[in-house]
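Chemist: dropping the sequence and predicted coords here.
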Amino acid sequence: PKSSASRGERRLLAGVTMVQTALTLALLVGAGLLIRTMVNIAKVPSGYNTGRILTMSVTEVQSWSTWGTFHRQALGRVAALPGVQYAAFAWGVPLTGNNWPATLEIEGQPPALKESDKTALPLRAVTPDYFKLMGVALIDGREFRSTDDDKAPKVAIVNQAFADRYFPHANPIGRKFWLDGRDKPATGIIGEISNSRTDDLTEEASPEIYLPLWQASAFSKHLVVRTTADPRAVVVAVERELHAIDPTAAIEKVKTLEQIRDDSLASRTFAMQLLIGFSLVGSALTLVGVYGVLSLSVASRRRELAIRSALGAKQQDIRKLVFGEGFQLIAGGVLAGVALAMVLSRVLRSFLFEVRPSDPATMIVVGALFVGVALVACWVPVRRAGTVDPLEALRYE
């Protein structure tokens with residue numbers, strides 16, 4: 001049927017569609033940047049394993065006199081369970097945010113005259129086998145032993161970032177640092193491990209110090225278990241062994257390390273999913289809008305198209321005319337969308353990783369794909385315009 005829409009109404013509808021196109025393209029670019037961010041994060045080596053590792057917060061709620069007995073028995077019984085490769089206790093499991101903020105003085109550094117002059121670093125505490133369990137490589141020295149307890153000299157293991165910063169031209173093994181002032185016993189460095197992104201997957205490894213848990217007792221800590229199959233299958237058995245030793249032991253936050261990793265990326269994942277959802281809805285509305293504008297234009301210009309055809313215009317020429325109108329509509333929205341995307345992408349700056357907010361590759365790829373899909377939506381109205389019968393249209397007028 002013939003449409004009675006005026007030129008002003010068509011322009012208004014075209015303007016609304018261009019605004020929709022701009023907003024949709026901006027959302028698509030934002031989604032594209034976040035998708036690239038998640039791909040980049042997935043490629044970054046964390047420095048430790050995440051597969052087949054179960055973690056749970058364990059608190060022994062009786063007295064400190066039984067603390068060591070409980071934890072040693074717990075490790076022995078859990079490690080003996082079928083399907084368990086390693087078991088360890090740790091305060092400072094990756095991506096949990098747990099560590100002790102501490103100030104210390106390091107051998108070779110000038111003595112601190114006041115507290116603010118001391119070096120501030122995070123401390124973590126683990127039991128033997130923790131580094132094997134996590135797949136963290138030992139570069140030099142030795143790992144912790146069961147004999148590194150409160151009766152033995154204080155020892156520590158540092159990561160490569162620590163060694164590079166504080167002993168750049170020397171072996172850190174055998175060096176010392178002081179946690180309670182130089183007048184108190186020093187802690188000797190007995191091992192150096194490879195770097196790992198413990199606090200945030202998007203940040204380079206920073207200096208870290210690990211203490212033996214038997215020397216740095218932690219009231220609440222994680223039990224970390226590496227299994228041969230799905231780690232969730234041993235949850236019940238592990239909890240049973242812990243409660244067999246101490247029925248009052250509190251067991252909380254039972255998660256795999258992969259779940260902890262996903263939780264650390266939850267804000268980025270949510271933002272990506274949200275933008276993808278809005279982008280898909282916006283794309284559908286925009287494509288319907290483009291189709292509607294061109295369909296309305298063809299119906300309103302039926303007499304004009306018939307006259308052009310009667311004067312010798314070929315169907316190909318008429319199709320090019322309508323297709324050009326659709327292309328102008330899409331191109332105008334895309335150009336506005338690129339400008340809007342550059343503003344939106346700056347809002348997403350804190351979520352991005354190894355990709356610039358104004359990344360040209362993302363904008364070109366997203367823009368080209370969107371234009372290609374939008375032009376497909378023009379095909380039906382363009383094809384309809386090419387089939388206008390001059391005699392029928394003129395008689396109708």
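Modeler: Looks like it came in fine.
Chemist: show me what stretch 191-208 is in contact with.
Modeler: Under the criterion CB atoms under 8 Å, 6 or more residues apart in numbering, residues 41, 44, 46-48, 92, 94-95, 97, 99, 121-122, 124, 131, 134, 136-144, 157-163, 165-166, 172-173, 210, 261, 264-265, 353 lie in contact with stretch 191-208. To be clear about C-beta, it is placed using only N, CA and C from the backbone, and glycine gets the same treatment.
Chemist: among those, name the ones in strands.
Modeler: Counting by DSSP state E, the contacts of stretch 191-208 place Leu121, Pro122, Arg124, Leu138, Ile139, Asp140, Gly141, Ile157, Val158, Asn159, Tyr210 in strands.
Chemist: which parts of this protein are helices?
Modeler: Secondary structure of the chain (DSSP state H): helices located at 7-43, 67-79, 130-134, 160-166, 235-245, 257-264, 266-300, 302-310, 315-347, 360-377, 379-385, 390-396.
Chemist: where does pLDDT dip in the stretch 51-200 of the chain?
Modeler: For the stretch 51-200 of the chain, applying pLDDT under 70 flags the ranges 62-64.
Chemist: again, only using 50
Modeler: Along the stretch 51-200 of the chain, no part satisfies pLDDT under 50.
Chemist: and the nearest residue to Ser217 once chain neighbours are set aside, how far is that from Asp246?
Modeler: Leaving aside its sequence neighbours, Ser217 sits nearest to Trp67 (CB to CB, 6 or more residues apart in numbering; 6.0 Å). For Trp67, the distance to Asp246 (CB to CB, to the nearest Å) stands at 10 Å.
Chemist: neighbour count winner among these two?
Modeler: Between Trp67 and Asp246, counted using other CB atoms under 10 Å, Asp246 has the larger neighbour count: 18 against 15.
Chemist: that one contacts Glu60, correct?
Modeler: Yes: the pair Asp246 and Glu60 qualifies as a contact (CB atoms under 8 Å) at a distance of 5.9 Å.
Chemist: need the overlap of contacts for these two.
Modeler: Contacts common to Asp246 and Glu60, judged by CB under 8 Å, 6+ apart, are Thr66, Phe70.
Chemist: what average pLDDT does stretch 370-381 get?
Modeler: Taken as a whole, stretch 370-381 has an average pLDDT of 83.
Chemist: below-threshold pLDDT in the stretch 201-350 of the chain: ranges please.
Modeler: If you take pLDDT under 50 as the line, the stretch 201-350 of the chain has no such spans.
Chemist: ok, 70 please
Modeler: Low-confidence segments of the stretch 201-350 of the chain, defined by pLDDT under 70: 301-313.
Chemist: tell me the domain boundaries of this protein?
Modeler: 7-44+264-394, 61-248 (the TED database).
Chemist: in the ones in strands among the contacts of stretch 191-208, find the pair that's most separated.
Modeler: Pro122 and Asp140 (21.4 Å; CB to CB).
Chemist: out of those two, which sits in the busier spot?
Modeler: Pro122 (17 against 14).
Chemist: residue contacts, the residue nearest to that one when sequence neighbours are not counted?
Modeler: Counting by CB to CB, 6+ apart, Pro122 lies nearest to Asn99, which is 3.7 Å off, once chain neighbours are set aside. With contact set as CB under 8 Å, 6+ apart, Asn99 has these partners: Trp91, Gly92, Pro122, Leu123, Arg124, Asp199.
Chemist: make it 6 Å
Modeler: Gly92, Pro122, Arg124 (CB atoms under 6 Å, 6 or more residues apart in numbering).
Chemist: which phi and psi does it have?
Modeler: Backbone torsions for Asn99, taken as degrees, to the nearest 10, come to phi -170, psi 170.
Chemist: for Pro82, same thing?
Modeler: Dihedral angles (degrees, to the nearest 10) for Pro82: phi -60, psi 140.
Chemist: the closest residue to Glu354 other than its chain neighbours: neighbour count?
Modeler: Computed as CB to CB, 6+ apart, the closest residue to Glu354 that is not its neighbour in sequence is Asn40, at 4.3 Å. Applying other CB under 10 Å, we find 15 residues neighbouring Asn40.
Chemist: selecting buried members of the ones in strands among the contacts of stretch 191-208 in ChimeraX, what would you type?
Modeler: Here is the ChimeraX command that selects only those of the ones in strands among the contacts of stretch 191-208 that count as buried (16 or more other CB atoms under 10 Å):
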select :121,122,124,141,157,158,159,210
